[in-house]
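Visitor: sequence and predicted structure are below.
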Amino acid sequence: MNKKIPLRQCVGCQQMKPKKDMMRVLKTPEDEMILDTTGKKNGRGAYLCKDMECLKKARKNKGLERSFKMSIPDTVYDSLIKEYGTEDAE
């Protein structure tokens with residue numbers, strides 16, 4: 001019996017990929033935006049490939065804004081870019 005692999009769509013490149021290969025951007029109930037590395041924190045999540053290009057695409061096409069139905073300040077993107085840089089590049 002094969003276990004079903006959960007797929008998520010990247011808000012940057014719009015491709016479906018296995019959940020474990022993605023980064024989860026989380027909007028907490030306090031409207032904070034953070035990277036959820038565990039994928040288990042409470043809040044609304046949007047998924048991005050572990051690729052800086054996808055983050056840039058998501059910023060350009062407002063993928064996160066659509067996912068969270070709110071405007072996202074540049075400071076949030078800047079902190080995500082910083083966190084992405086420190087994340088182990090695969």
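Guide: Alright, I've got the coordinates.

Visitor: what is the rounded mean pLDDT of stretch 25-37?
Guide: When pLDDT is averaged along stretch 25-37, the result is 85.

Visitor: where do the strands of this structure begin and end?
Guide: All strands of the chain, identified by DSSP state E, fall at 7-9, 16-18, 22-27, 33-36, 44-49.

Visitor: tell me what the first one is packed against?
Guide: For strand 7-9, the elements it packs on are strand 16-18, judged by 3 or more Cβ pairs under 8 Å, 6 or more residues apart in numbering; DSSP states H and E. The C-beta positions use only the backbone N, C-alpha and C, and glycine is treated the same way.

Visitor: what sits up against the strand it packs on?
Guide: 5, 6, 7, 8, 9, 10, 49 (Cβ atoms under 8 Å, 6 or more residues apart in numbering).

Visitor: so the last one sits right up against residue 12, yeah?
Guide: In this case it means residue 49. Yes - under the criterion of Cβ atoms under 8 Å, residue 49 makes contact with residue 12 at 6.3 Å.

Visitor: pull out the buried members of the contacts of strand 16-18.
Guide: Burial by neighbour count, 16 or more other Cβ atoms under 10 Å: within those this picks out 8, 9, 10, 49.

Visitor: among those, which one sits closest to residue 20?
Guide: residue 8 (9.5 Å; Cβ to Cβ).

Visitor: so the lengthiest helix in the chain versus strand 44-49, what angle?
Guide: The longest helix of the chain (DSSP state H) is helix 74-86. With axes from the mean of the first three to the mean of the last three Cα atoms, to 10 degrees defining the directions, helix 74-86 sits at 50 degrees from strand 44-49.
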